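*Asks:* fold the stuff below for me.
(one chain, ligands or ions: 1)
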Amino acid sequence: MAIKQKTFREGSTMNKRRARITIQTERLLVISRSSNRVEAWCDCCRAKRSMVAIDEAVVITGLTQRALFRLADAAEIHFTETEVGRTLFCIGSLNQLRTPNDINNR
Ligand SMILES: [Zn+2]
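*Replies:* Numbering: from 1, shown residues only. Coordinates of the predicted model:
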């Protein structure tokens, strides 16, 4: 029995249908600045103040964590420690800082 070989030359482009699907996505990123704030007593201000964790203090001031801890040690910014040892910084004192570059280059 002879084997017939068939070659498909024609119609090959017809079979290759290419579909381009474009998916457009949108992402809304909401950064809530109030999420990490807690109201706590600030001994330096002698008042209840908004306190923020180190991460948010970095965002607010533009300083590095190291710079912030240095300032806290130098009593230039107010901070308190929680029962679990977390350091919280007084927003009032953070807002009174001079421009970040002044302090980072000290
Ligand atoms: Zn304070």
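*Asks:* near the ion, which residues of the chain? Just list them.
*Replies:* 42, 44-45, 49, 78, 90, 92-93 (Cβ under 5 Å from the ion). Every C-beta, even on glycine, is put in place using the N, C-alpha and C of the backbone.
*Asks:* most neighbours out of those residues, which is it?
*Replies:* residue 90 (25 neighbours; other Cβ atoms under 10 Å).
*Asks:* quick check: bridge partners of that one?
*Replies:* When assigned by DSSP bridges, residue 90 has beta-bridge partners residue 51.
*Asks:* hang on, it packs against residue 44?
*Replies:* Yes - between residue 90 and residue 44 a contact is recorded at 6.8 Å, counting by Cβ atoms under 8 Å.
*Asks:* name the SS class of residue 71, please.
*Replies:* For residue 71, the secondary structure call by DSSP: H, G, I helix; E, B strand; the rest coil comes out as helix.
*Asks:* now do it, the pLDDT please.
*Replies:* The score at residue 71 is 96. That number is its pLDDT.
*Asks:* with residue 29 instead?
*Replies:* Reading off the per-residue confidence, residue 29 sits at a pLDDT of 62.
*Asks:* use 866 as the first number for this chain going forward.
*Replies:* I'll keep to 866 as the first residue from here, and by that count the last item is residue 894.
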